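Engineer: Generate coordinates for the sequence data below:
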Amino acid sequence: MIAILTGDIVNSRENQNQAIWLTPLKKHLANYGKMPAKWEIYRGDSFQIEIDDPKNALLSAIKIKALIKRHDKFDVRIAIGIGQKTFNAPRITESNGEAFIFSGETFNKLDKQKRTLALKTPWEDFNETMDIILRLASLQMDNWTALTADIIRASLDHPEMTQLQIAKILKKKSQSDISEGRRRAAYDEINIMEEYFRSRLNTYLP
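Structural biologist: Model prediction:
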């Protein structure tokens, strides 16, 4: 099984400075493998990513959320689909399978539901539980400021670092700036959610 993330950038067409988010996004997506087999940006502001280990799917989505929201006025919608891959094409956007269908179907509902993050898997009880959790988590994540998102991004990218070390790489005044930023962003609670997702999903995977 794999995970497919389908997403797009919110407000990208209202702001001409696309390079501010496009360049760091491309750099981040390169971590998932070679383009266009493992990831692709298309239609200017849409993207799709294949993640080999589905347990990493939610963390990947949160990292992208933090990466994009580091820039004022931008946000990102992401739909996670977990399932089988039945057709492997040279381009990810031409591949197919259960994971692709789930991700695409879920993504098409995001705008109508006024949501920015959702998922679908073959397991309905898991979907129902995670749907409630992600709705609640999004109330916090959708309201991250650029400063808060920057702290979350650095913290997720460098989980081994202390708050003082994070403060230094972000050029903040003190460790307390990082602590307060994490508190406002519900960093601890988001980590608990991600760990729950990972642990619960592991019980379903073959």
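
Engineer: for Lys173, phi and psi?
Structural biologist: phi -70, psi -40 (degrees, to the nearest 10).

Engineer: where do the helices sit along the protein?
Structural biologist: 19-29, 57-69, 98-113, 124-141, 146-157, 163-169, 175-185, 187-202 (DSSP state H).

Engineer: Make a markdown table out of those and add mean neighbour count and mean pLDDT.
Structural biologist: All C-beta atoms are positioned from the backbone trio N, CA, C, and that covers glycine. Shown next, in a markdown table, are those (neighbours: other CB atoms under 10 Å; pLDDT from 0 to 100):
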| stretch | mean neighbour count | mean pLDDT |
| --- | --- | --- |
| helix 19-29 | 15 | 92 |
| helix 57-69 | 23 | 97 |
| helix 98-113 | 18 | 96 |
| helix 124-141 | 15 | 97 |
| helix 146-157 | 20 | 95 |
| helix 163-169 | 16 | 92 |
| helix 175-185 | 17 | 93 |
| helix 187-202 | 16 | 97 |
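
Engineer: Could you find the closest non-adjacent residue to the residue nearest the centre of the chain?
Structural biologist: Taking CA atoms, centre = their mean, the centroid of the chain lies closest to Ala61, which sits 1.2 Å from it. Of all residues not flanking Ala61 in the chain, Ile78 sits nearest, at 4.6 Å (CB to CB, 6 or more residues apart in numbering).

Engineer: Please apply the same query to Asp53.
Structural biologist: Ala3 (7.7 Å).

Engineer: picking that back up, will you turn the helices of the chain into CSV that also has distance to Ile82?
Structural biologist: What follows is these, written out as CSV (distance: least, CB to CB, whole Å):
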stretch, distance to Ile82
helix 19-29, 19
helix 57-69, 6
helix 98-113, 6
helix 124-141, 9
helix 146-157, 20
helix 163-169, 31
helix 175-185, 26
helix 187-202, 7
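
Engineer: before we move on, the earlier item: beta-bridge partners for the residue nearest to Asp53, please?
Structural biologist: Ile51, Ile82 (DSSP bridges).

Engineer: any idea how far Glu98 is from it?
Structural biologist: To Glu98, Ala3 is 11 Å away according to CB to CB, to the nearest Å.
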